[in-house]
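>>> from the sequence below, what's the structure:
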Amino acid sequence: MKAKKMTPGQKKTKMTRREFMGSTATGAAAFMIIPRHVLGGRGYSPPSDTLNIGCVGVGGKGSSDIRSVSSENIVALCDVDDTQMSRFLNSKRNNPQQKEKFGKARKYHDFRIMMEKIKDIDAITVSTPDHTHAVIAMMAIKMGKHVFVQKPLTHTIKEARMLTQAAKKANVVTQMGNQGHAREGARLINEWVWDGAIGDVHEIHAWTNRPIWPQGIKAPEEIPSLPPTLDWNLWLGPAPWRTYHPAYAPFRWRGWRDFGTGALGDMGAHIIDQPFWTLKLGHPTSVQASSSKFTKESYPLASIVHYEFPARDEMPPVTMTWYDGGIMPSRPEELEAGRMMGDSDGGAMFKGDKGTLMYCTYSGSPRLIPEEKMQEYKRPEKSIPRSPGIHEEWIEAIKQGKKSTTDFSYSGLLTQVMLLGNIAILMKEHNTKLLWDGKKMEITNLPEANALLHKKYRTGWSL
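The predicted structure is shown next:
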């Protein structure tokens, strides 16, 4: 029996798997899970049930990102270093099912080839050094793929803004990997502050023990042999050419301006995220910094950054001060003697006109201080939806056609605020507040500082 020919004007009605997954982000039709027995019987996975994911970057944080999305089909793994790939595939942290799944995935060095070759990738994770986040994520977004990008979202302020705009236009589901945002403590802080536990908040102090990698140093002059397993040209990506040195890769890149964003870019995504969310901060009006000595190639060993934010709806103006490199704010009088401020990695304090709330960097556990006040406080009912986890939330958002909590409309702005602090550090010799017009993306009183909002890409690379 021959298939019927389509009559003039008749439209194609069959939807491909890629079209189906793309429709979950558009909201054009109501989302639904089609019963298995309707589509293909027992054991059949409808396209709405399982995603095809390609993972770029398998070393460091990339390894845990891949494991965290391994409930889906991992169809491709990409890394510029064969040593990192082998180490990940043979890791004892992979359970037998994961080892089998990862072993079957197609392997690539170049993310561009991966995305061009495998047409049915629905989503990608990006777990590479900061300087390559934007070029990888932008290609995926333009191809209609959902994207999970490790923090910080981008290397420059302009990149953050461009990714945010592109993701909105493409209507894809995005997420930045700042896992603290998904924890219980983050929600408790919001609920307590919004409940009025410490009154109106006027000051934020946030600190970290980072950097725990070399900073404030000159680039090495010796030229060692390039490991045969590493594609150094691809590792550099859009960054200016320089010869390989283990001082840059695989981990120490964070302290170098061409590749990383220093302590503020690394940990601000966790620690600044909380007041940014709780107090609905948006763009600051000004930023000023001081720091230890540093070279033009590497960030300083220690710095302090002062932000000023305007009033937001019913919330008053607030100042936020960031400390890194072991520098910490003054100890509050109400904190009991012998009690630690934050934890060994850092922490933050909200100072309100009725009290102070303190929390730790990694546990995220909030406490009113002193402890006597915590014990007296009657906690409000939980009002914010709880998260299944930063990765699980992203996957769920794709399948249900909704936004994740740190999608680029949120994390893009957070990243701009963080990176503005780095510009203040680099401009510290001017000893002045940088006045920021967030809407225009412009530093209005020091025009030369605007050159730091973006960077020049190496030939062959672009957004």
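
>>> strands of the stretch 251-400 of the chain, residue ranges please.
Using DSSP state E, counting those that start in this stretch, the strands of the stretch 251-400 of the chain run over 286-291, 303-309, 318-324, 346-352, 355-360, 366-369.

>>> which one, of those, ends up nearest to Asn190?
Nearest to Asn190, of all the strands of the stretch 251-400 of the chain, is strand 366-369, at 9.6 Å by CB to CB. Where C-beta positions appear, they are placed from N, C-alpha and C, glycine not excepted.

>>> helices and strands around that closest one, which ones?
Applying 3 or more CB pairs under 8 Å, 6 or more residues apart in numbering; DSSP states H and E, we find strand 366-369 packed against helix 184-194, strand 355-360.

>>> most tightly surrounded among the ones you listed?
Across those, averaging neighbours per residue (mean count of other CB atoms under 10 Å) puts strand 355-360 on top, at a mean of 21.

>>> summarise which helices and strands that one is packed against.
helix 184-194, strand 346-352, strand 366-369.

>>> for Asn95, find the nearest of these.
Asn95 lies closest to helix 184-194 among the helices and strands packed on strand 355-360, at 26.0 Å (CB to CB).

>>> pLDDT on that closest one, on average?
Mean per-residue pLDDT for helix 184-194: 97.

>>> return the list of helices and strands in contact with it.
helix 273-278, strand 346-352, strand 355-360, strand 366-369.

>>> closest one to Arg210 among the helices and strands packed on strand 355-360?
For those, proximity to Arg210 was assessed by CB to CB; strand 346-352 is nearest, at 7.6 Å.

>>> so where do the helices sit in the stretch 1-150 of the chain?
In the stretch 1-150 of the chain, the segments counted as helices under DSSP state H, counting those that start in this stretch are 17-26, 36-39, 61-68, 82-89, 96-104, 111-117, 133-142.

>>> and those helices as CSV, adding distance to Val287, mean pLDDT and mean neighbour count?
Formatted as CSV, these follow (distance: least, CB to CB, whole Å; pLDDT from 0 to 100; neighbours: other CB atoms under 10 Å):
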stretch, distance to Val287, mean pLDDT, mean neighbour count
helix 17-26, 34, 43, 17
helix 36-39, 54, 34, 11
helix 61-68, 27, 97, 20
helix 82-89, 36, 98, 17
helix 96-104, 43, 97, 13
helix 111-117, 33, 97, 17
helix 133-142, 22, 98, 23
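
>>> tell me, how many residues neighbour the closest residue to Phe88 other than its chain neighbours?
Spatially, and ignoring its direct neighbours in sequence, Phe88 is nearest to Val58 (4.2 Å; CB to CB, 6 or more residues apart in numbering). Residues contacting Val58 under the criterion other CB atoms under 10 Å number 26.

>>> would TSV of the helices of the stretch 1-150 of the chain with distance to Thr154 be doable?
Listed next are the helices of the stretch 1-150 of the chain as TSV, based on distance: least, CB to CB, whole Å:
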stretch	distance to Thr154
helix 17-26	21
helix 36-39	40
helix 61-68	16
helix 82-89	22
helix 96-104	28
helix 111-117	16
helix 133-142	5
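
>>> and of those, who's closest to Thr415?
Ranking the helices of the stretch 1-150 of the chain by distance to Thr415, with CB to CB as the measure, places helix 133-142 first at 9.6 Å.

>>> scan this protein for its longest helix.
helix 408-426 (DSSP state H).

>>> just the angle between it and strand 303-309, please?
130 degrees (axes from the mean of the first three to the mean of the last three CA atoms, to 10 degrees).

>>> can you say which of the helices and strands packed on strand 366-369 is nearest to His202?
Of all those, strand 355-360 comes closest under CB to CB, at 11.2 Å.

>>> so what strands line up beside that closest one?
strand 346-352 (antiparallel), strand 366-369 (antiparallel) (DSSP bridges).

>>> what's the closest of those to Pro220?
Proximity to Pro220, assessed across these by CB to CB, is greatest for strand 346-352 (29.1 Å).

>>> show the average pLDDT along that closest one.
97.

>>> show me this structure divided up by domain.
Domain segmentation of the chain under automatic domain parsing yields 17-180, 181-384+407-453.

>>> and the first one, how far out from the chain's middle?
Translated: domain 17-180. On the basis of CA atoms, centre = their mean, to the nearest Å, domain 17-180 sits 14 Å off its chain's mean C-alpha point.

>>> same thing with stretch 326-342?
A distance of 29 Å separates the centroid of the chain from that of stretch 326-342, by CA atoms, centre = their mean.

>>> which parts of the stretch 101-250 of the chain are strands?
Using DSSP E, counting those that start in this stretch, strands in the stretch 101-250 of the chain cover 106-108, 123-126, 146-150, 174-177, 201-208.

>>> returning to what we had before: can I assume the residue nearest to Phe88 is in contact with Thr83?
No - taking contacts as CB atoms under 8 Å, Val58 lies outside contact range of Thr83: 10.5 Å.

>>> Arg242 touches Leu236, doesn't it?
Yes - counting by CB under 8 Å, Arg242 touches Leu236, with 7.4 Å between them.
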